[in-house]
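**Q** I'd like to go over a predicted model; first the sequence, then the structure.
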Amino acid sequence: MKVHFIAIGGSAMHNLALALQQKGYTVTGSDDEIFDPARSRLAAAGLLPDAEGWHPERITSDLDAVVLGMHAHADNPELIRAQELGLKIYSYPEYLYEQSKDKLRIVVAGSHGKTTTTAMILHVLRHSGIEADYMVGAQLEGFDLMVRLSQTARIMVLEGDEYLTSPIDRRPKIHLYHPNVAIITGIEWDHVNVFPTFDNYKEQFAKFIDLIEEGGTLIYCNDDPVVREVVGDNHREDIARLPYDVPATHPPLRIFGRHNLLNMTAARLACREIGANDSQFDEAITTFEGASKRLECLWSDDHSALYKDFAHAPSKLRATVNAVREEYPKRTLIACMELHTYSSLTASFLPLYKGCMDRADVPFVYFNPHAVELKRLPALKKETVMEAFGNAKLRVFDDSQELREAIREAAKQHRENVVLMMSSGNFNGLSLDTLLEKHQEA
């Protein structure tokens with residue numbers, strides 16, 4: 001099989017390309033910019049394009065498939081050439097379904113908790129000796145790639161993203177996987193540039209339920225009122241429904257937070273569906289240390305700690321702050337959040353953050369004015385952010401170096417502390433290694 005990737009440098013795309021190469025496929029690709037770690041990983045595998053840019057001559061009639069990434073546009077010259085030749089063009093999720101359509105598919109969907117729940121399932125399956133293919137949205141400890149595809153696994157575990165499929169396919173990714181076992185971890189409005197109303201956003205999960213295979217299973221968070229509403233409005237009688245809440249008891253864990261107990265319970269129910277019993281699950285989950293950037297501890301001692309987390313939406317932010325507050329009740333919590341996504345930088349969306357950081361002792365919010373410009377949004381004012389969060393203690397920054405100095409000063413003032421950095425971005429290149437050094441000095 002010969003497969004060409006248009007926009008091979010993406011986080012998801014390059015992992016899929018490497019997985020197909022490991023499966024024995026002939027893989028090529030193009031992109032107009034490729035950064036590390038994708039650049040180094042593609043180079044090591046011999047898949048790094050010899051020149052950046054789009055090259056229609058690379059699109060030939062002997063290709064079995066072309067995979068189109070979100071980074072490309074509808075007028076991409078390689079895409080146009082593939083269309084002219086009548087080649088089979090797949091989006092990333094379409095190709096994952098093509099590779100897994102004969103397997104039992106577990107799809108983890110929801111506005112938050114997807115990566116951790118998927119990672120928990122994979123951790124338990126590996127510990128239990130159950131082979132599985134997978135796609136997950138973060139690099140996991142003990143797994144070489146974010147994607148695995150094989151001829152032998154009978155199970156495919158997929159992290160289900162509700163964002164758009166490709167530049168020429170406006171369906172949410174979760175609508176393409178047709179799960180046998182579906183999980184909905186929670187529903188809170190996001191991606192306002194695509195789903196302009198909350199009702200429109202909820203419709204995507206209602207459709208996801210409709211796309212569960214006949215005789216399949218829906219595992220859903222009964223703790224979330226919106227999830228209960230969406231599930232309750234669905235009247236399919238050909239699927240099983242397994243609600244879950246925070247468990248009354250659980251094995252000792254290396255992770256913490258109420259949200260992670262919910263994620264763990266969803267993972268347990270999914271593992272039961274595919275042959276991992278509770279004894280196997282309990283033994284495995286005690287060694288689970290979390291997914292990359294999901295409440296990841298970078299450093300700690302007897303007096304202070306530094307964590308980073310991917311939290312950016314209101315529910316994620318609230319859950320993460322609450323989890324750290326409960327884990328460190330006697331320390332000063334210095335919580336720093338970056339407004340980075342299109343939704344979070346939209347003035348009409350900001351009021352949804354009201355109260356999200358109230359349990360932090362020292363709450364900071366940062367945004368990069370250049371990121372606002374790149375997303376072609378109106379300029380954002382610090383006063384607008386402060387009013388939206390509704391927290392008199394909140395300080396808002398639009399300069400990452402000023403933020404760093406404020407963190408250092410707060411750490412000096414409060415010796416018993418925990419610093420929590422939350423973003424789907426990188427605070428405009430703020431080095432957490434440098435922050436760590438300064439934090440230790442403080």
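**A** Now that the structure is in, tell me what you want to look at. Numbers count the residues shown, from 1 in each chain.
**Q** residue 259: neighbour count?
**A** When neighbours are defined as other Cβ atoms under 10 Å, residue 259 has 26 of them. No exception for glycine: its C-beta is placed from N, CA and C like everyone else's.
**Q** thought it was touching residue 319?
**A** Yes. At 4.0 Å, residue 259 and residue 319 qualify as touching, with contact defined as Cβ atoms under 8 Å.
**Q** intersection of neighbour lists for those two?
**A** Shared contacts of residue 259 and residue 319 (Cβ atoms under 8 Å, 6 or more residues apart in numbering): residue 112.
**Q** residue 67 sits in which helix or strand?
**A** Counting by DSSP states H and E, the element that carries residue 67 is strand 65-68.
**Q** next SSE after that strand?
**A** Downstream of strand 65-68, the first helix or strand assigned by DSSP H and E is helix 77-85.
**Q** by contact count, what packs against whichever helix or strand comes after that next one?
**A** Using DSSP H and E, the helix or strand that directly follows helix 77-85 along the chain is strand 89-91. Secondary-structure packing of strand 89-91 (3 or more Cβ pairs under 8 Å, 6 or more residues apart in numbering; DSSP states H and E): strand 65-68, helix 77-85.
**Q** for those, which one sits closest to residue 349?
**A** Residue 349 lies closest to strand 65-68 among these, at 28.8 Å (Cβ to Cβ).
**Q** what lies in contact with the closest one?
**A** Contacts to strand 65-68, defined as Cβ under 8 Å, 6+ apart, come from residues 1-7, 13, 16-17, 59, 76, 78-79, 82, 87-92, 95, 98, 166-168.
**Q** list the buried residues of it.
**A** 65-68 (16 or more other Cβ atoms under 10 Å).
**Q** stretch 169-176 now?
**A** Quick answer for stretch 169-176 (16+ other Cβ under 10 Å): 169, 172-176.
**Q** could I have that stretch exported to PDB, CA atoms only?
**A** Output in PDB follows, covering the C-alpha atoms of stretch 169-176 (Å, rounded to 0.1, in the frame of the first residue of the first chain):
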ATOM      1  CA  ASP A 169     -15.300  17.700   5.400                       C
ATOM      2  CA  ARG A 170     -17.100  19.800   8.000                       C
ATOM      3  CA  ARG A 171     -18.300  16.800  10.100                       C
ATOM      4  CA  PRO A 172     -17.000  16.400  13.700                       C
ATOM      5  CA  LYS A 173     -14.400  13.600  13.900                       C
ATOM      6  CA  ILE A 174     -16.500  11.600  16.300                       C
ATOM      7  CA  HIS A 175     -19.100  11.200  13.600                       C
ATOM      8  CA  LEU A 176     -16.800   9.000  11.500                       C
END
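**Q** which elements pack onto whichever strand in the chain runs longest?
**A** Among the segments of the chain that qualify as a strand by DSSP state E, the longest is strand 332-339. Contacts defined by 3+ Cβ pairs under 8 Å, 6+ apart place strand 332-339 against helix 314-327, strand 362-367, helix 400-413, strand 417-422.
**Q** for the third one, what is the average pLDDT?
**A** Think helix 400-413. Throughout helix 400-413, pLDDT has a mean value of 93.
**Q** check which helices and strands it sits against.
**A** Using 3+ Cβ pairs under 8 Å, 6+ apart, helix 400-413 is in contact with strand 332-339, strand 362-367, strand 395-397, strand 417-422, helix 432-441.
**Q** let's see 6 Å
**A** For helix 400-413, not one helix or strand is in contact under the criterion 3 or more Cβ pairs under 6 Å, 6 or more residues apart in numbering; DSSP states H and E.
**Q** quick check: buried residues in stretch 22-38?
**A** For stretch 22-38, the neighbour count (16+ other Cβ under 10 Å) marks 22, 27-31, 34, 38 as buried.
**Q** could those residues be laid out in JSON lines, adding pLDDT?
**A** Converted to JSON lines, these look like this (pLDDT from 0 to 100):
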{"residue": "22", "pLDDT": "95"}
{"residue": "27", "pLDDT": "98"}
{"residue": "28", "pLDDT": "98"}
{"residue": "29", "pLDDT": "97"}
{"residue": "30", "pLDDT": "97"}
{"residue": "31", "pLDDT": "96"}
{"residue": "34", "pLDDT": "94"}
{"residue": "38", "pLDDT": "94"}
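**Q** just the residues you listed: which are in strands?
**A** Per DSSP E, the subset of the buried residues of stretch 22-38 in strands is 27-30.
**Q** can I get the residues you listed in JSON lines with distance to residue 141?
**A** Converted to JSON lines, these look like this (distance: Cβ to Cβ, whole Å):
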{"residue": "27", "distance to residue 141": "26"}
{"residue": "28", "distance to residue 141": "31"}
{"residue": "29", "distance to residue 141": "27"}
{"residue": "30", "distance to residue 141": "32"}
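**Q** which one of these is nearest to residue 213?
**A** Ranked by distance to residue 213 (Cβ to Cβ), those are led by residue 27 at 29.7 Å.
**Q** look up how far residue 349 lies from that closest one.
**A** Applying Cβ to Cβ, to the nearest Å, one obtains 39 Å for the distance of residue 27 from residue 349.
**Q** quick check: angle from the helix ranked longest in the chain to helix 314-327?
**A** In the chain, ranked by residue count with DSSP state H as the criterion, the top helix is helix 258-273. Interaxial angle, helix 258-273 versus helix 314-327 (axes from the mean of the first three to the mean of the last three Cα atoms, to 10 degrees): 110 degrees.
**Q** pLDDT on helix 258-273, on average?
**A** Rounded mean pLDDT across helix 258-273 is 96.
**Q** now that helix: buried residues?
**A** 259-273.
**Q** who's in contact with that helix?
**A** Helix 258-273 is contacted by residues 106, 113, 116-117, 120-121, 124, 181, 183, 217, 219, 221, 242, 244, 246-247, 281, 319 when judged by Cβ atoms under 6 Å, 6 or more residues apart in numbering.
**Q** switch the cut-off to 7 Å
**A** Identification of contacts with helix 258-273 by Cβ atoms under 7 Å, 6 or more residues apart in numbering yields 106, 113, 116-117, 120-121, 124-125, 181, 183, 185, 217, 219, 221, 223, 242, 244, 246-247, 250, 278, 281, 285, 319, 322-323.
**Q** before we move on, back to that, mind listing the strands the longest strand of the chain pairs with, and their directions?
**A** Applying DSSP bridges, strand 332-339 is found paired with strand 362-367 (parallel), strand 417-422 (parallel).
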